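Enquirer: After the sequence you'll find the predicted model.
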Amino acid sequence: MTRVYDEVGQAVPVTVIEAGPCKVLQVKTEATDGYSAIQVGFGDKKASRVNKAISGHLKKSNSDGYYFIREFRVADISAYEVGQEVSLDAVVKVGDKVDVQGTSKGRGFQGVIKRHGFSGGGSGHGSMFHRAPGSIGCSAYPARVVKGKKMPGRMGNDTVLRKNVVVVDVRSEENVVLLKGPLPGAKNGLLKIFKK
């Protein structure tokens, strides 16, 4: 993350994303596949590091290899053809709102205070209740722990979707897009950007 300044001199927090170049590897149609979508590749990979199944699939688009191959549903596939590079200018413009999907940072097994924001008990030496969850069930009725009870467990590493993220700047010569605010995931993580 960094910051940029708008026309009135106000600081805007932004996340810098490398968004391309992405190459169309396959065009799926209603006739052949039952739905309309395009398959794109991102992040060049050496041909020697690609297995034969994937390299055979990539021959049609004259590509060596990609670290990430993803599929996107598209209403009008006539604008795309195999081997075409998808440019940033054609997809997003400054001021557009997009949805961004990523995988949040994994935090491992955590207790209820960090995971759910419980208050915890007193911190004095006489207190025997510090960071425990406390009572979790009932005795006579319903005589069980209710489903969905907030308890310790694995935290993070979830698919997170941030909606209506504003595009602050598009730098097509560097294949970089600046989106307002923080986005899910660690540095160098993969994000999917959906145009509204």
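Expert: Arrived safely.

Enquirer: now the helix or strand of the chain with the lowest mean pLDDT: how far from the chain's centre is it?
Expert: Using mean pLDDT, DSSP states H and E, helix 88-91 stands out as the lowest-scoring helix or strand of the chain, at a mean of 78. Averaging C-alpha positions (CA atoms, centre = their mean, to the nearest Å) puts helix 88-91 19 Å from its chain's average.

Enquirer: Out of all residues in this structure, which is the farthest from the middle?
Expert: residue 126 (45.9 Å; CA atoms, centre = their mean).

Enquirer: Check it and give its pLDDT.
Expert: With respect to pLDDT, residue 126 scores 94.

Enquirer: quick one on the thing from earlier: list the contacts of the least confident helix or strand of the chain.
Expert: Helix 88-91 is contacted from outside by 19-20, 170, 172, 175, 177, 195, using CB atoms under 8 Å, 6 or more residues apart in numbering. For glycine as for every other residue, the C-beta is placed from the backbone atoms N, C-alpha and C.

Enquirer: Buried ones among those?
Expert: Buried by 16 or more other CB atoms under 10 Å: 19-20, 170, 177, out of these.

Enquirer: Mind picking the two most distant members of the residues you listed?
Expert: Maximum pairwise distance among the buried ones among the contacts of helix 88-91 (CB to CB): 10.7 Å, between 20 and 170.

Enquirer: ranges for the helices of the protein?
Expert: 30-33, 52-58, 88-91, 112-116 (DSSP state H).

Enquirer: Quickly compare these and say which is most buried.
Expert: helix 112-116 (a mean of 16; mean count of other CB atoms under 10 Å).

Enquirer: Using PDB, write out every CA atom in that helix.
Expert: Taking Å, rounded to 0.1, in the frame of the first residue of the first chain, the C-alpha atoms of helix 112-116 are listed here in PDB:
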ATOM      1  CA  VAL A 112     -11.900 -16.300  21.200                       C
ATOM      2  CA  ILE A 113     -10.300 -13.000  22.100                       C
ATOM      3  CA  LYS A 114      -8.400 -12.600  18.900                       C
ATOM      4  CA  ARG A 115     -10.800 -14.500  16.700                       C
ATOM      5  CA  HIS A 116     -14.100 -13.000  17.900                       C
END
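
Enquirer: Longest strand in the protein, please.
Expert: Determined from DSSP state E, the single longest strand within the chain is strand 159-171.

Enquirer: Now that one: buried residues?
Expert: So, applying 16+ other CB under 10 Å, buried residues of strand 159-171: 162, 165, 167-168, 170.

Enquirer: For it, which outside residues touch it?
Expert: By CB under 8 Å, 6+ apart, strand 159-171 touches 4, 12, 14, 88-89, 92-104, 176-181, 183-185, 196.

Enquirer: and those residues, which of them are in strands?
Expert: 4, 12, 14, 97-103, 176-180.

Enquirer: quick check, nearest of the buried ones among the contacts of helix 88-91 to residue 53?
Expert: Closest approach to residue 53 among the buried ones among the contacts of helix 88-91 (CB to CB): residue 20, at 25.3 Å.
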